[in-house]
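[1] No letters, just coordinates:
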C-alpha cells in the first residue's frame, strides 16, 4: 500500500504532492531522498529503505516520481505503478517536463485520484481514463476560466469498467479496420579493448497499433519463440495459450499499446565495430577511431554516431574526421555524427589530446558509446509467423515492421 506520491523536478523541488491515506507523509522525506540520490549517483537503486519509509523511485525526462510506504508490499507493484503514472501523464500532456506539469496541476491530480484509491492501484488503463477525464486543450482551459468549473471528470462511469476487458473502449467502430505490429529492439553490447565481445543481448518490445471495430480476438504467433527470455505481457494477453504453445492470444486495447517485452541473451554477433587506438607521451595523446561493418545485416544502417567523455586531465583537444561532423561540448563530451557508412571509405576520426601541465601520459582512458539504427530487421532473429483475427465483420489490413537500434553499446579503450 502506497501512502504518498511526490513529483520532483531535476533540481529537487517538490512540484506535486499527493497524500493517499490518512497517514500523512512529511515532505522532509524528499530532502533525505535527494541527498541520498546525490551521494549514490549512477548507483541509485529503484527501491530504497530510508530510516522511516520504503521509497520507490522512477525518473522520466528529468522528473522523479517518488512513492512512499511504511508497510511490506511487492516492490515491483510500486515500480510498475509509477511507470504507468509516468506513461499516462506523458500521453495526456504530450510529454513530460516541469512546465507541462505545473500548467496542468488539476489534470494531474484528477488522474491520480482515479488511478489509485487509498494507496492501492485502481484504474490505470489509458483508454478508460480518457473516457473519465478529458485531455487538456485550449477550449477546456478557456471554459474553466469563464465558468469557474475546473473539473475535467466525466459525470458518468465508462461502460468498459463493467466489462471483462476493461482496457478496451466500448464498441468502437471504424470504416477501415487495421492493425499494425512493430518489433522494436535495442541492442546492449560490451566490447573489450582487444575487440572481444564481452556481452551482447537485446531488449525488445512488440508494439501494436489497433483500430478495429467491435470486440476482436487476435492470435499472434512467432516462428522461433524459444529464443525469448524475461517476457512481460500487457494485461490483455491470456497467459495459458502462451504457457502451453507460446502463442499470444488477446483482445487488444483501442489504439497504440505495448503488447509484450522480452530479452534475447548471449548473442554472438554485432553489426558494427569500433576500433580505438590511444598512444600518449610527452604531455600529449594521439587518438584514432575507426568504424566499420562487422556483420552485414542485409539492411541499411543509419544514424551512426560515437559519443565519449574526454578524461578530466585533458586541457583541450583537436579532432577531425574524414566522414561526418565532430563536436566537443563544454562538459568535455565529444560527439561524432557519421550517419551512414560510405561505400568507398571507412569512417575514421583522429586528433591530438593535450594533457594538463605536469602530466606526461594518459592514465584514464575513455569509454566509447556507439549508436545506430537499422530499419526493417530484428537483429535478435525473432520472426512473426502469422496474425489471426476473429469476430470482425470485414477483412482488416495487417501491417508488420521491425526496427533495431543501439541501446547501451559500449566499447572500452
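    Happy to help now that I have it. Computed from a predicted structure; not experimentally measured. Numbers count the residues shown, from 1 in each chain.
[2] May I ask you to confirm that residue 347 is in contact with residue 325?
    No. Counting by C-beta atoms under 8 Å, residue 325 is not a contact partner of residue 347; they are 11.3 Å apart. For every residue, glycine as well, the C-beta is placed using N, CA and C.
[3] neighbour count winner among those two?
    residue 347 (21 against 11; other C-beta atoms under 10 Å).
[4] contacting residues around stretch 226-246?
    165, 167-168, 219, 221-222, 225, 247-253, 257-265, 380-382 (C-beta atoms under 8 Å, 6 or more residues apart in numbering).
[5] next one: phi and psi at residue 108?
    Phi and psi for residue 108, reported as degrees, to the nearest 10, are phi -60, psi -40.
[6] Centre of the chain to stretch 273-285, how far?
    How far stretch 273-285 lies from its chain's middle: 34 Å, per C-alpha atoms, centre = their mean, to the nearest Å.
[7] Now do the buried residues in that stretch.
    273-276, 280, 283, 285 (16 or more other C-beta atoms under 10 Å).
[8] what does stretch 204-214 give?
    Quick answer for stretch 204-214 (16+ other C-beta under 10 Å): 204-208, 210-213.
[9] could those residues go into a markdown table alongside secondary structure and distance to residue 407?
    Shown next, in a markdown table, are the buried residues of stretch 204-214 (DSSP: H, G, I helix; E, B strand; the rest coil; distance: C-beta to C-beta, whole Å):
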| residue | secondary structure | distance to residue 407 |
| --- | --- | --- |
| 204 | strand | 10 |
| 205 | strand | 12 |
| 206 | strand | 17 |
| 207 | strand | 16 |
| 208 | strand | 22 |
| 210 | strand | 27 |
| 211 | strand | 30 |
| 212 | coil | 32 |
| 213 | coil | 37 |
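[10] What ranges does the stretch 151-300 of the chain have for its strands?
    178-191, 197-211, 217-222, 229-233, 237-238, 247-250, 255-264, 272-281, 284-293 (DSSP state E, counting those that start in this stretch).
[11] List the neighbouring strands of the longest one plus their orientation.
    By that I understand strand 197-211. strand 178-191 (antiparallel), strand 255-264 (antiparallel) (DSSP bridges).
[12] if we compare these, which one ends up closest to residue 60?
    strand 255-264 (15.3 Å; C-beta to C-beta).
[13] For that closest one, buried residues please.
    255, 257, 259-264.
[14] relative orientation of it and strand 217-222 in degrees?
    30 degrees (axes from the mean of the first three to the mean of the last three C-alpha atoms, to 10 degrees).
[15] starting at the chain centroid, how far to strand 255-264?
    12 Å.
[16] shift numbering so it begins at 410
    Yep, numbering from 410; the last one is strand 664-673 now.
[17] who touches the residue lying closest to residue 701 once chain neighbours are set aside in this structure?
    Leaving aside its sequence neighbours, residue 701 sits nearest to residue 755 (C-beta to C-beta, 6 or more residues apart in numbering; 4.7 Å). Neighbour list for residue 755: 699-701 [criterion: C-beta under 8 Å, 6+ apart].
[18] could you pull out the helices for the stretch 410-559 of the chain?
    437-449, 484-502, 507-512, 514-524, 535-541, 547-556 (DSSP state H, counting those that start in this stretch).
[19] Residue 812: which of those is closest?
    helix 484-502 (19.8 Å).
[20] Find the centremost residue of this structure, please.
    Centroid-nearest residue in the chain, with C-alpha atoms, centre = their mean: residue 469, separated by 8.6 Å.
[21] tell me the residue furthest from the middle of this structure?
    For the chain, the residue at maximal distance from the C-alpha centroid (C-alpha atoms, centre = their mean) is residue 691, at 44.6 Å.
[22] That one is in contact with residue 764, isn't it?
    No. In this structure, residue 691 is not within contact of residue 764 by C-beta under 8 Å, at 9.3 Å.
[23] low-confidence ranges in the stretch 510-659 of the chain?
    Within the stretch 510-659 of the chain, the stretches with pLDDT under 70 are 546-573.
[24] Could you list the residues in contact with stretch 445-452?
    453, 457, 459, 466, 473.
[25] Try it again at 6 Å.
    residue 453 (C-beta atoms under 6 Å, 6 or more residues apart in numbering).
[26] Please apply the same query to stretch 526-534.
    Applying C-beta under 6 Å, 6+ apart, the set of residues contacting stretch 526-534 is 410-411, 429-430, 490, 493, 523-525, 576.
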